[in-house]
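[1] Have a look at this prediction, sequence included:
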Amino acid sequence: MLEIPMRFAHVLAIASISVSAPVVAQANFTGAGEISEMDCDGGTANITGASNTMTITGNCTQLVIEGAGNRVRVSLAPKGVIQITGASNTVVWTTPDGSKAQVRVTGAGNRISQGR
């Protein structure tokens, strides 16, 4: 059996502690012509596709849409971000405290509004 001098025992104890990075929630959807619901669990919701009707819960910190003709109702965290790349998407968002969403849009004919 290997004997370790006491002065090195604390070094081994510290070295055996593992550090894990925090897990960031993320919900992903890819499709066309679908009706679906998902929970972003306080993280990011990603939607890729066209002509989808989505309901997203979970106070998302960010909603990312890449596509066209999507209709999305989303529950955002306070000061959440909506990022859209595409055309003719409709997003209705709410926040628990009534704060405004940060909106970043690239494309034409997108409509973003605050729901009740």
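    Happy to help now that I have it.
[2] List the contacts of Ser51.
    Ser51 makes contact with Ala32, Gly33, Ala68, Gly69, Asn70, according to C-beta atoms under 8 Å, 6 or more residues apart in numbering. All C-beta atoms are positioned from the backbone trio N, CA, C, and that covers glycine.
[3] How about Thr57?
    Glu37, Met38, Asp39, Cys40, Ser75.
[4] looking at this, it is in a strand?
    Yes: using DSSP: H, G, I helix; E, B strand; the rest coil, the assignment for Thr57 is a strand.
[5] Show me what it is bridged to.
    Asp39 (DSSP bridges).
[6] and the gap between it and Trp93?
    12 Å (C-beta to C-beta, to the nearest Å).
[7] before we move on, the earlier item: most neighbours among the contacts of Thr57, which one?
    For those, neighbours were counted using other C-beta atoms under 10 Å, and Cys40 has the most, 25 neighbours in all.
[8] these two touch, right, it and Cys60?
    Yes: with contact defined as C-beta atoms under 8 Å, Cys40 counts as touching Cys60 (3.9 Å).
[9] what is in contact with these two at once?
    Ala27.
[10] What residues are bridge-paired with the residue positioned nearest the centre of the chain?
    In the chain, the residue lying closest to the centroid (C-alpha atoms, centre = their mean) is Thr44, at 0.6 Å. With DSSP bridges applied, Thr44 shows beta-bridge pairing to Gln26, Gln62.
[11] so who does it touch?
    Thr44 touches Val24, Ala25, Gln26, Ala27, Cys60, Thr61, Gln62, Leu63, Val64, counting by C-beta under 8 Å, 6+ apart.
[12] can you do 10 Å?
    24-28, 60-64, 80-81, 83 (C-beta atoms under 10 Å, 6 or more residues apart in numbering).
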